[in-house]
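A.B. asks: coords please:
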Amino acid sequence: MIDLKKRESKEVLSQERIVIDSLIHFKDIFNSISTVSLVLNSTRQIIFASNDFLKNFNLTSDNSIFGNRFGEVLACIHADESPHGCTNSASCYLCGAFQALIESEKTNKKVQKETRITTSKKGDQSSLELSVTSVPIKLSDKQYYIVTIIDISSEKRKLQLERIFIHGLVNSAGGISGLSEILEYSLTEESKTEAIEMMGKTSKVLLDQIMSFRNILSAESGDLEVQNSEVFSGHLIDEAISLVSNNKSLNATIVKDVNSENVSLISDKLLVSRILVNMLKNAAEYENNPESIIQIGSKLTNTTIKFWVKNNGVIPEFVQKQIFQRSFSTKGGNRGLGTYSMKLLGEKYLHGKVGFISNEIDRTQFYIELPYKK
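C.D. replies: Numbering: from 1, shown residues only. Here you go, the predicted model:
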């Protein structure tokens, strides 16, 4: 039975480091290989880090991370969920790095896994997608693990963006093409008018998809410019309902909460709209039933205005722990940016708070709280 809570004392760690230091040319060989690498002991604590690891994660020396665990060094948002640190929270069991280490320890074999890690440094969150390989090795009769880390974030992000973007464009462009054929062969003015109206709505969906990905690219690169102006909460809700309702691939009935207040606030209209649309789309895709009711509304306090979207489903607990990670999706390989972009745009650029609740009593409600001054 592996004791996940156990950590070696400073004295034991120092002795283990002496083992590494005593190996002739070990560190030279380790640092000569262009791989981000670590040496961990049997309790998954860092004994040695390669120069490339230090450089890749902006660290000055391995002394500063000596004895820590992988997620603690990277500032994983789940590393502090347990008083025993990294590898001890419920979220850790979903981590590919954790799975690679534990499986390697149990089987005494090389294990490779992919993982998504959300980090938080000085209040700024970012997403990493890594390939982690753990190789067990015996040194001076003690068990160690050589762990190599390859950052596959750019590769995964590029592939996913291409898949999602092309998938969405093909659907919308296909819809416009089909409507143009209907228009060409329409025999009555009424059918022509209906086809033209549908083409207009589908074109808006297509434009919305293009704007959505442009925002994500700009937001991730830090180039997104916030354009604040006076906007009305009721108008934002109405526009989001209209845009999602025009998307015929979404099967759901959207209802605006009658108690929502139409108040003015200073924010970026396009970004708030983007977040509300993503919340509605996620709810509609989850329900996938035209008889299902999705509610959207707003609630005003002295300091914030809270926009919320509620549906009747309940998100499984293991999904809840990964919901805001980039590339995570329960809907297949062509998805996984909706909730991630909500968090990115809502918190980093609009200085609000994005979250959700999901349980059998309250069902599922996503929300964004934005600063508000009366």
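
A.B. asks: what about the helices in the protein?
C.D. replies: Ranges of helices in the chain, per DSSP state H, are 10-22, 26-32, 51-56, 70-73, 96-107, 153-184, 189-221, 233-245, 269-287, 317-320, 338-343.

A.B. asks: which residues sit against the third one?
C.D. replies: Counting contacts by Cβ atoms under 8 Å, 6 or more residues apart in numbering, the residues outside helix 51-56 that touch it are 31, 34, 35, 36, 37, 38, 59, 60, 61, 62, 149, 151. Every C-beta, even on glycine, is put in place using the N, C-alpha and C of the backbone.

A.B. asks: got the contact list for residue 227?
C.D. replies: With Cβ under 8 Å, 6+ apart, residue 227 has these contacts: 268, 269, 270.

A.B. asks: Same question for residue 147.
C.D. replies: Counting by Cβ under 8 Å, 6+ apart, residue 147 has contacts 37, 38, 39, 40, 70, 100, 101, 132, 133, 134, 135.

A.B. asks: Would you mind measuring from it to residue 19?
C.D. replies: Using Cβ to Cβ, to the nearest Å, residue 147 is found at 17 Å from residue 19.

A.B. asks: next one: residue 367
C.D. replies: From residue 367 to residue 19 the distance is 52 Å (Cβ to Cβ).

A.B. asks: who's more crowded, these two?
C.D. replies: Shown here are residue 367 and residue 19; by other Cβ atoms under 10 Å, residue 367 has more neighbours (22 against 18).

A.B. asks: For the more buried one, give me its contacts.
C.D. replies: 306, 307, 308, 309, 354, 355, 356.

A.B. asks: and with 7 Å instead?
C.D. replies: Residue 367 makes contact with 306, 307, 308, 355, 356, according to Cβ atoms under 7 Å, 6 or more residues apart in numbering.

A.B. asks: domains for the chain, by residue range?
C.D. replies: As assigned by automatic domain parsing, the chain contains the domains 10-151, 156-371.

A.B. asks: Quick check: end-to-end length of the shortest one?
C.D. replies: Terminal residues of domain 10-151 lie 30 Å apart, using Cα to Cα, to the nearest Å.

A.B. asks: swap in stretch 305-319?
C.D. replies: End-to-end distance for stretch 305-319, by Cα to Cα: 27 Å.

A.B. asks: next one: that stretch to chain centre, how far?
C.D. replies: Its chain's average C-alpha position is 16 Å from that of stretch 305-319, according to Cα atoms, centre = their mean, to the nearest Å.

A.B. asks: Identify the residues contacting that stretch?
C.D. replies: Contacts of stretch 305-319 (Cβ under 7 Å, 6+ apart): 94, 233, 263, 265, 276, 279-280, 283, 286-287, 292, 294-299, 330, 358-360, 363-370, 372.

A.B. asks: Tell me which entries of the residues you listed lie within strands.
C.D. replies: 265, 294-299, 358-359, 363-370 (DSSP state E).

A.B. asks: Show me which of those residues are buried.
C.D. replies: When the ones in strands among the contacts of stretch 305-319 are checked for burial by 16 or more other Cβ atoms under 10 Å, the buried set is 265, 294-299, 358, 364-370.

A.B. asks: ok, so of the residues you listed, who is nearest residue 182?
C.D. replies: residue 294 (29.1 Å; Cβ to Cβ).

A.B. asks: Would you agree the closest one is in contact with residue 254?
C.D. replies: Yes. Counting by Cβ atoms under 7 Å, residue 254 is a contact partner of residue 294 at 4.9 Å.

A.B. asks: who touches both of these two?
C.D. replies: Counting by Cβ under 7 Å, 6+ apart, the shared contacts of residue 294 and residue 254 are residue 280.

A.B. asks: Would you check that residue 266 makes contact with residue 230?
C.D. replies: Yes. Residue 266 is within contact range of residue 230, at 6.0 Å (criterion: Cβ under 7 Å).

A.B. asks: Need the per-residue pLDDT for residue 157.
C.D. replies: Reported pLDDT at residue 157 in the predicted model: 65.

A.B. asks: follow-up on the earlier one: and the buried ones among the ones in strands among the contacts of stretch 305-319, which two are furthest apart?
C.D. replies: Farthest pair in these (Cβ to Cβ) is 265 and 358. Separation: 26.7 Å.

A.B. asks: quick one: least confident helix or strand in this protein?
C.D. replies: Within the chain, no helix or strand scores below helix 153-184, which has a mean of 66 by mean pLDDT, DSSP states H and E.

A.B. asks: got the contact list for residue 71?
C.D. replies: For residue 71, the contact set (Cβ under 7 Å, 6+ apart) comprises 78, 79, 86.

A.B. asks: Start and end of stretch 26-45, how far apart?
C.D. replies: Calculated as Cα to Cα, the first-to-last residue distance of stretch 26-45 is 19 Å.

A.B. asks: any weak-confidence spans in the stretch 51-200 of the chain?
C.D. replies: Along the stretch 51-200 of the chain, segments meeting pLDDT under 70 span 155-175, 177, 179, 181, 183-187.

A.B. asks: Then the stretch 201-350 of the chain?
C.D. replies: For the stretch 201-350 of the chain (pLDDT under 70), the answer is 201, 205, 208-209, 212-213, 215-216, 219-221, 246-249, 322, 325-338.
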